[in-house]
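Q: prediction below, plus the sequence it came from.
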Amino acid sequence: MKVIEGKALQISDAIIACQLDGKGGVVPIEDKDAIHCERPCWLHLNYTHQQSAEWLQSTPLIPDAVRDALAGDSMRPRVTRLGDGFMIVLRSVNHNSDSRPDQLVAMRVFINDKLIVSTRRRKVYAVDEVLTELQNSNGPVDCGSWLVDLCDTLTDHASEFIEELHDKIIELEDTLLDQRVPPRGELALLRKQLIVMRRYMAPQRDVYSRLASEKLTWMDDDERRRMQEISDRLGRGLDDLDAGVARTAVLSDEIASVMAEAMNRRTYTMSLLAMVFLPTTFLTGLFGVNLGGIPGGEWRYGFSVFCLLLVVLVVGVAWWLKRRRWL
């Protein structure tokens with residue numbers, strides 16, 4: 001592919017349509033006669049937009065094997081080599097305001113030495129960061145460096161979120177040390193986030209390792225080395241996720257223990273109170289029968305003496321429990 005007609009890359013609802021200038025910047029793609037492909041072009045599309053969806057299904061610039069994948073049919077991180085290019089599916093931490101970070105955003109990329117086509121439905125902030133670097137003339141210069149920069153940014157976002165989860169675990173541990181139970185559902189949400197991140201970041205780490213091992217002309221040794229470092233960094237994040245899952249399991253057991261202990265303490269307290277008042281309950285029940293011959297029934301001080309007797313009895317039982325170290 002030596003030359004691409006400008007109108008072949010003109011998509012009215014494209015999010016990004018540009019060409020890398022080879023110096024860390026970009027130039028817009030205009031509707032001109034031809035684009036000489038000494039430098040790669042980058043299209044970033046929302047596959048739910050009509051014009052973008054039609055372009056993905058009709059353009060001859062991408063292989064037929066990747067059309068459905070770019071249109072949103074593929075979700076799990078994976079990489080497939082197609083000649084001198086890749087079809088890549090990646091996951092990004094969701095920074096959109098209407099969603100939780102663990103509701104990961106899928107991004108799909110077809111890339112070779114001349115063309116980059118990336119698609120998404122929800123916004124991927126890593127793409128915006130790469131574009132900002134390009135607009136500041138401090139971005140990637142070719143397809144290999146673009147791919148490395150994108151994967152590096154995605155891993156930065158994942159690492160930051162994993163660190164946030166780690167901080168939440170520490171807060172829960174401190175809460176339990178103070179014998180306080182966290183709000184209902186907080187631990188369950190935390191465990192779900194850890195498990196979801198582990199589920200998708202593990203294959204994504206494998207994608208990075210595969211990219212680092214592939215020998216392609218448009219990725220040099222330095223870029224492959226950087227990709228391997230990104231894979232190793234995400235691998236350390238996966239170790240933290242595994243540790244987090246184990247720690248939340250311990251937290252769950254500890255919360256159950258704290259709640260059981262609190263329930264036992266309340267039950268013990270109620271049992272002691274019942275024991276303290278058991279003799280008085282017996283006497284009040286006995287003297288409460290409506291029959292003749294009750295001692296003191298005709299004495300004017302009978303009720304007062306009986307109440308005093310009950311108080312003495314309660315104090316006596318409490319003293320006995322205290323002496324036996326039950327109180």
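A: Nice, I can see it.
Q: residue nearest the centroid of this protein?
A: With distances taken as C-alpha atoms, centre = their mean, the residue of the chain nearest its centroid is Asp102 (3.1 Å).
Q: for Ala158, see how far away it is.
A: Applying C-beta to C-beta, to the nearest Å, the value for Asp102 to Ala158 is 11 Å. In this view, the C-beta of every residue, glycine as well, is placed from N, C-alpha and C.
Q: overlap in contacts of these two?
A: With contacts defined as C-beta atoms under 8 Å, 6 or more residues apart in numbering, the residues adjacent to both Asp102 and Ala158 are 93, 197.
Q: correct me, but Gln50 touches Asp13?
A: Yes: with contact defined as C-beta atoms under 8 Å, Gln50 and Asp13 form a contacting pair (7.1 Å).
Q: tell me the SS of the residue of the chain positioned farthest from its centre?
A: For the chain, the largest distance from the centre (C-alpha atoms, centre = their mean) belongs to Glu298, which lies 77.6 Å off. Under the three-state scheme (DSSP: H, G, I helix; E, B strand; the rest coil), Glu298 adopts coil.
Q: circling back: name the nearest residue to the residue nearest to the centre of the chain, sequence neighbours excluded.
A: Excluding the flanking residues, the one nearest Asp102 by C-beta to C-beta, 6 or more residues apart in numbering is Gln193, at 4.0 Å.
Q: list the buried residues of whichever strand or helix holds that neighbour.
A: Here Gln193 sits within helix 186-213, counting by DSSP states H and E. Across helix 186-213, burial judged by 16 or more other C-beta atoms under 10 Å covers 187, 190-191, 193-194, 196-198, 200-201, 204-212.
Q: repeat that for stretch 22-30.
A: 25-26, 29.
Q: next: stretch 249-269.
A: Going by 16+ other C-beta under 10 Å, stretch 249-269 has these buried residues: 251, 255.
Q: just for the stretch 51-200 of the chain, where's the confidence low?
A: Along the stretch 51-200 of the chain, segments meeting pLDDT under 70 are nowhere present.
Q: strands along that one, start to end?
A: Ranges of strands in the stretch 51-200 of the chain, per DSSP state E, counting those that start in this stretch, are 78-82, 85-92, 105-111, 115-120.
Q: out of those, nearest to Asp167?
A: strand 85-92 (20.7 Å; C-beta to C-beta).
Q: mind giving me the packing neighbours of the closest one?
A: Using 3 or more C-beta pairs under 8 Å, 6 or more residues apart in numbering; DSSP states H and E, the elements in contact with strand 85-92 are strand 78-82, strand 105-111, helix 143-177, helix 186-213.
Q: more neighbours: Gln50 and Asp13, which one.
A: Ranked by neighbour count (other C-beta atoms under 10 Å), Gln50 and Asp13 place Asp13 first, with 14 against 9.
Q: and the more buried one, which of the three is it?
A: Classification of Asp13 by three-state DSSP places it in coil.
Q: contact partners for it?
A: Listed by C-beta under 8 Å, 6+ apart, the contact partners of Asp13 are 45-46, 49-52.
Q: buried ones among these?
A: Here, 16+ other C-beta under 10 Å leaves 45-46, 49, 52 buried among the contacts of Asp13.
Q: can you put these in TSV and add secondary structure?
A: Below are those laid out as TSV (three-state DSSP):
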residue	secondary structure
Leu45	strand
Asn46	strand
His49	coil
Ser52	helix
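Q: ok, so of those residues, who is nearest Thr80?
A: Of all the buried ones among the contacts of Asp13, Thr80 sits closest to Leu45, with 19.2 Å by C-beta to C-beta.
Q: pull the contacting residues for the residue nearest to the closest one when sequence neighbours are not counted.
A: Among residues not flanking Leu45 along the chain, Ser52 sits closest, at 4.0 Å (C-beta to C-beta, 6+ apart). If you count contacts by C-beta under 8 Å, 6+ apart, Ser52 has them with 11, 13-14, 45-46, 119.
Q: helix or strand right after the longest helix seen in the chain?
A: When the chain is parsed with DSSP state H, its longest helix is helix 221-287. For helix 221-287, the following helix or strand on the C-terminal side (DSSP H and E) is helix 302-323.
Q: wait, Leu9 sits on Cys18?
A: No: using C-beta under 8 Å, Leu9 makes no contact with Cys18, being 9.6 Å away.
Q: shared neighbours, those two?
A: Listed as contacting both Leu9 and Cys18 by C-beta under 8 Å, 6+ apart are 29, 41.
Q: if I look at Asp206, how far off is Asp232?
A: Asp206 sits 12 Å away from Asp232, going by C-beta to C-beta.
Q: Glu173: neighbour count?
A: Burial measure for Glu173: 14 neighbouring residues, criterion other C-beta under 10 Å.
Q: tell me the spatial nearest neighbour of it, not counting adjacent residues.
A: Spatial nearest neighbour of Glu173, excluding adjacent residues (C-beta to C-beta, 6+ apart): Leu251 at 6.7 Å.
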